[in-house]
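Enquirer: Give me coordinates for this.
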Amino acid sequence: MEDLTTSIGPFAISGNRISKITGTLKLQKSVGESFYFGGFQVGTPKNPNINTNSLLSGSTIVRAKGTGIIGPSGTTIDVNNYDPNGTGTITSIGANQYVAHRIWLQPTENTLVFQYGQYQYSNLADARVNFPLENYIAPTVLSQETYLVAVIICRAGETNLDNTARAQIIPQGKFAGTGGGGTTPDTLQSAYNNSTSPEIVTDGTRGAVDFRAGSGLDTNNIVTFQQNSGTVNGFVTGLGNAKFNSLSGSSVTISTIPTLNNSGTQILVRNSSTGLVNYRDVSTITPDTDLYITGYTYNPTTNTFTITRNDLSAFTATISTVSGLTSTGNIDVQGNLSNSTGILTLNDNVLVTGNATINGDVTILGTATTINTETLTVEDNIITLNSTVTAGTPTLDSGVEVLRGSATTAQFLWDETNDYWTAGLSGSTKRVILKW
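Expert: Here you go, the predicted model:
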């Protein structure tokens, strides 16, 4: 075991992650534990292999070059100079050039060491690809328990590390050791556990984060969403099919309008088990016997709504903002019909199947009024007939007529010609003699 761990060298058991301090060139290191076989006997004699390191935030940074330690020199890193080929000659970085600098941790002193980068690159992408291949010279005077914790790629002249298109902090893996590249990858879980702000921030250079089915089938899930028990409640396949238990928000956008297929033999349905929506043969689906509205169209020229139902029938409703509701067909009222603010205009027959109560006056402008009722009750004690004759000389007889089936109709009339009442059977009425 000693031979193995000694050959591996010092490494981080957990934590000790490097991150930026927004708006500055200062660094922060998370709490962590370091391992080095027998390397921490002075501080922790009962456990000489492990050293616990506290949080560092904007602390003093030691600077170093390929030939040795320069010494403590403030709390910021130097992104404007580099150490060409590790010869120890600190030189200005060319305009708009990028350099990969190393950050080391000295666990026993809990100190960060900034080592100047040794090669220039014309852009960040080249630096990212090529820094692991550099013939990098590590400082020979670093204590044996010191190990690499991060690589910072930055463009010369930057005043902070906020712009990820110009500055990036690349955490190094557990076994980055003291080598030049230090590119051993962490697991995603390790990166998450050691991050103070776990997130992925994309940029215009690299674009989106891709998830590819790889050697599996395109129909396989490439992203799943699980609850703590491991139950999958949502997924996305390589084909882009997805399932979620529910969607919430103010709107859901569908890229294409769900319709019947071209042949009209299939319709989109949702599989209640998988949550997927696919076409199914109409012949295999039991139709719903209830009628419901499936859609509508509005014609602003005629101010009409055409409403369609699931039985493919349609009806048209015309709405007038001036006169209220205008009907082009019969209106069957089986509940309450009210209009408290305007005029309700009905241009055709009206059928009321229940009782009708009218709280105001009733004016009938037609030529005939038919009352099909067995009992007629009138509160008024004087009934006015022939009400339109309000001026001029009257010429029409007026009165009451009684139908008698097949027998001759009986009448009680006022004779306008002779100015007296008559009564009797129609066609043979006699004068009624009034006694004064």
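
Enquirer: Only C-alpha atoms from now on, for both contacts and neighbour counts.
Expert: OK.

Enquirer: For beta bridges, what are the partners of Tyr298?
Expert: When bridges are assigned using DSSP bridges, the partners listed for Tyr298 are Phe305.

Enquirer: Do you know the pLDDT at it?
Expert: Tyr298 is assigned a predicted lDDT (pLDDT) of 78.

Enquirer: hang on, isn't it packed against Thr304?
Expert: Yes. Counting by Cα atoms under 8 Å, Tyr298 does reach Thr304; the two are 5.8 Å apart.

Enquirer: Tell me where the stretch 101-250 of the chain has helices.
Expert: Residue ranges of the helices in the stretch 101-250 of the chain, as given by DSSP state H, counting those that start in this stretch, are 124-130, 188-193.

Enquirer: and these, which one is worst for confidence?
Expert: Out of the helices of the stretch 101-250 of the chain, the stretch the model trusts least by mean pLDDT is helix 188-193, with a mean of 60.

Enquirer: which residues are in contact with stretch 382-390?
Expert: Counting by Cα atoms under 8 Å, 6 or more residues apart in numbering, stretch 382-390 makes contact with 398-399, all of which sit outside it.

Enquirer: and that stretch, how far apart are its ends?
Expert: Taking Cα to Cα, to the nearest Å as the measure, stretch 382-390 stretches 17 Å from start to finish.

Enquirer: again, but for stretch 97-114
Expert: Distance across stretch 97-114, first residue to last, is 19 Å (Cα to Cα).

Enquirer: For Arg212, which residues are in contact?
Expert: Residues touching Arg212, when contacts are defined by Cα under 8 Å, 6+ apart, comprise 222, 238.

Enquirer: Do you know the pLDDT at it?
Expert: At Arg212, the model reports a pLDDT of 79.

Enquirer: For Val236, see how far away it is.
Expert: Here Arg212 is placed at a distance of 11 Å from Val236 (Cα to Cα).

Enquirer: what touches both of these two?
Expert: Ile222.

Enquirer: so where do the strands sit in the stretch 1-150 of the chain?
Expert: With DSSP state E, counting those that start in this stretch as the definition, the stretch 1-150 of the chain shows strands at residue ranges 11-15, 18-20, 27-29, 32-35, 50-53, 56-57, 61-65, 68-72, 81-82, 91-92, 98-106, 111-115, 120-121, 147-155.

Enquirer: Just put those strands in TSV and tack on distance to Asp397, mean pLDDT and mean neighbour count.
Expert: Supplementary listing: the strands of the stretch 1-150 of the chain in TSV, determined by distance: least, Cα to Cα, whole Å; pLDDT from 0 to 100; neighbours: other Cα atoms under 10 Å:
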stretch	distance to Asp397	mean pLDDT	mean neighbour count
strand 11-15	114	85	22
strand 18-20	109	93	22
strand 27-29	112	94	22
strand 32-35	116	88	21
strand 50-53	120	87	22
strand 56-57	113	94	16
strand 61-65	122	94	22
strand 68-72	127	89	15
strand 81-82	123	97	23
strand 91-92	124	96	13
strand 98-106	116	95	26
strand 111-115	122	95	25
strand 120-121	118	96	20
strand 147-155	113	94	27
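
Enquirer: Those into TSV, with extra columns for distance to Arg206?
Expert: Converted to TSV, those look like this (distance: least, Cα to Cα, whole Å):
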stretch	distance to Arg206
strand 11-15	27
strand 18-20	21
strand 27-29	25
strand 32-35	31
strand 50-53	34
strand 56-57	30
strand 61-65	31
strand 68-72	36
strand 81-82	26
strand 91-92	28
strand 98-106	17
strand 111-115	27
strand 120-121	17
strand 147-155	15
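
Enquirer: Out of those, which is closest to Glu379?
Expert: The minimum distance between Glu379 and the strands of the stretch 1-150 of the chain falls on strand 18-20, with 93.7 Å, by Cα to Cα.

Enquirer: Can you give the strand pairings for the closest one, parallel or anti for each?
Expert: With DSSP bridges as the test, strand 18-20 is paired with strand 27-29 (antiparallel).

Enquirer: Please tell me I have it right and Ile153 contacts Ile169.
Expert: Yes. Here Ile153 reaches Ile169: they are 6.6 Å apart, a contact under Cα under 8 Å.

Enquirer: Can you spell out the domain ranges of the protein, please?
Expert: Here the domain assignment for the chain is 2-193, 210-253, 260-286, 288-375, 378-436, based on automatic domain parsing.

Enquirer: Just say which of those is most tucked in.
Expert: When you average the neighbours per residue for each of the domains of the chain (mean count of other Cα atoms under 10 Å), domain 2-193 leads with a mean of 19.

Enquirer: Please compute how far that one lies from its chain's middle.
Expert: Its chain's average C-alpha position is 41 Å from that of domain 2-193, according to Cα atoms, centre = their mean, to the nearest Å.

Enquirer: can you list the weak-confidence ranges in the stretch 201-350 of the chain?
Expert: When residues are selected by pLDDT under 70, those of the stretch 201-350 of the chain lie in 215, 248-265, 268-278, 282-293, 310-315, 317-348.

Enquirer: rerun at 80
Expert: The model of the stretch 201-350 of the chain has pLDDT under 80 over residues 201, 203, 205-206, 212-216, 244-296, 298, 300, 302-305, 307-350.

Enquirer: Mind jotting down where the strands sit in the stretch 301-436 of the chain?
Expert: In order along the chain, the stretch 301-436 of the chain carries the following strands (DSSP E, counting those that start in this stretch): 304-309, 314-320, 324-326, 331-333, 350-352, 398-404, 407-415, 420-425, 430-431.

Enquirer: will you turn those strands into JSON lines that also has distance to Pro107?
Expert: Compiled in JSON lines, the strands of the stretch 301-436 of the chain are given as follows (distance: least, Cα to Cα, whole Å):
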{"stretch": "strand 304-309", "distance to Pro107": "75"}
{"stretch": "strand 314-320", "distance to Pro107": "80"}
{"stretch": "strand 324-326", "distance to Pro107": "84"}
{"stretch": "strand 331-333", "distance to Pro107": "87"}
{"stretch": "strand 350-352", "distance to Pro107": "92"}
{"stretch": "strand 398-404", "distance to Pro107": "120"}
{"stretch": "strand 407-415", "distance to Pro107": "125"}
{"stretch": "strand 420-425", "distance to Pro107": "130"}
{"stretch": "strand 430-431", "distance to Pro107": "135"}
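
Enquirer: Dump the C-alpha coordinates for stretch 144-157 into CSV.
Expert: The C-alpha atoms that make up stretch 144-157 are tabulated as CSV, following Å, rounded to 0.1, in the frame of the first residue of the first chain:
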residue,chain,number,x,y,z
GLN,A,144,6.5,17.1,-1.3
GLU,A,145,2.9,17.1,-0.2
THR,A,146,2.0,20.0,-2.6
TYR,A,147,-0.3,19.0,-5.5
LEU,A,148,-2.0,20.7,-8.5
VAL,A,149,-5.7,21.7,-7.8
ALA,A,150,-6.5,23.9,-10.9
VAL,A,151,-5.4,25.3,-14.2
ILE,A,152,-6.5,28.9,-15.0
ILE,A,153,-6.6,29.9,-18.7
CYS,A,154,-6.9,33.6,-19.1
ARG,A,155,-6.3,36.3,-21.7
ALA,A,156,-3.7,39.0,-20.9
GLY,A,157,-5.2,42.2,-19.7
